[in-house]
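>>> fold the following for me, if possible:
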Amino acid sequence: MSTATTPTLEVTERTRIGTRYAKRDREQGLIPAVIYGHKEGAKHVTVDAKAFTQILHDESHLIDIKLDGKSEHTLIKDVQWDTYGINIIHVDLERVDHSETVEVEVELVLIGEPAALKEAGTVLDHPTTMLRVSCRADSIPSHMEHSIADLPLGEPVTVGDITPPAGVKIIMPEEQMICQIQGIKVSAADEEAMEGADDAEPEVIGKAKEADEDEDK
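Next up, the predicted model:
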């Protein structure tokens, strides 16, 4: 539940805006982006695709942007991906003060191997993987963790069961389910098929051949 350090990223202001120029930027390994907020005018820039992707992999939410020798604190507000979810095509960056309160989504990582999940016919239903939280901009956790090592079959983990770090508030319904170990239901037809397979008489190799040979004699 550690707070990631703030990376720094050099950007270049875009002098031409439009679909055609954005496509050219992407072909050169750049991502079109816009910086806005704090009652200042929006700035259209490009960021290095590899550097920005690495920042996402490092689970950082804040970026110190350097433009024309000046630095601005920004929050990654929105990331747009292509149709296949492979390449980033646009980024929104919002200006923030490190001391102000912001709302962001952080990943929830489940840790531990519950014994119930090792039983045959059980699966982990995990519908909620991200938590929306409120905290100071400089206290955003890179991720949050919750142990399910002792989670029994059928008992759900809800948002209310998650303990956030100090200074972080989860702003989601407490009853919203995070995960639950469930048993896979087997239909009556499948059960009969399995029972039939168990009761079936094993084939004796060579038995039919011997009968055929007797008929030929």
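>>> you'd agree residue 52 is in a helix?
Yes. The assignment for residue 52, made by DSSP: H, G, I helix; E, B strand; the rest coil, places it in a helix.
>>> not counting sequence-adjacent ones, nearest residue to it?
Using C-beta to C-beta, 6 or more residues apart in numbering and skipping the chain neighbours, the partner closest in space to residue 52 is residue 31 (5.9 Å). C-beta: built from backbone N, CA, C; applies to glycine.
>>> distance of residue 102 from residue 169?
Computed as C-beta to C-beta, to the nearest Å, the residue 102 to residue 169 distance reads 12 Å.
>>> what do the two both touch?
The contact sets of residue 102 and residue 169 overlap at 134-135 (C-beta atoms under 8 Å, 6 or more residues apart in numbering).
>>> quick one: strands adjacent to whatever helix or strand the residue nearest to residue 52 lives in?
Assigned by DSSP states H and E, residue 31 belongs to strand 30-37. Using DSSP bridges, strand 30-37 pairs in its sheet with strand 40-48 (antiparallel), strand 88-95 (parallel).
>>> run the angle between the helix or strand just after the last one and strand 88-95 for me.
Stepping forward along the backbone from strand 88-95, the first helix or strand reached (DSSP H and E) is strand 101-111. Strand 101-111 runs at 130 degrees relative to strand 88-95, counting by axes from the mean of the first three to the mean of the last three C-alpha atoms, to 10 degrees.
>>> neighbouring contacts of the helix or strand immediately after strand 101-111 in the chain?
Later in the chain than strand 101-111, the nearest helix or strand by DSSP H and E is strand 122-125. Applying C-beta under 8 Å, 6+ apart, the external contacts of strand 122-125 come out as 110, 116-117, 148, 153, 179-184.
>>> just stretch 39-46 next, same as before
11-14, 17, 25, 30-36, 65, 67, 95.
>>> for PyMOL, write the select line for the buried members of the residues you listed.
The PyMOL command for the buried members of the contacts of stretch 39-46 (criterion: 16 or more other C-beta atoms under 10 Å) is given here:
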select buried, resi 11+14+25+30+31+32+33+34+35+36+65+95
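>>> now the two most distant members of the contacts of stretch 39-46.
Farthest-apart pair in the contacts of stretch 39-46 is 25 and 95; separation 21.9 Å (C-beta to C-beta).
>>> of residue 102 and residue 169, which one has the most company?
Under the criterion of other C-beta atoms under 10 Å, the comparison of residue 102 against residue 169 puts residue 102 first, with 20 against 11.
>>> from residue 62, how far off is the more buried one?
Distance, residue 102 to residue 62, by C-beta to C-beta: 9 Å.
>>> which of the contacts of strand 122-125 count as buried?
110, 116, 148, 179-182.
>>> would JSON lines of these with secondary structure be doable?
Below are the buried ones among the contacts of strand 122-125 laid out as JSON lines (three-state DSSP):
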{"residue": "110", "secondary structure": "strand"}
{"residue": "116", "secondary structure": "helix"}
{"residue": "148", "secondary structure": "coil"}
{"residue": "179", "secondary structure": "strand"}
{"residue": "180", "secondary structure": "strand"}
{"residue": "181", "secondary structure": "strand"}
{"residue": "182", "secondary structure": "strand"}
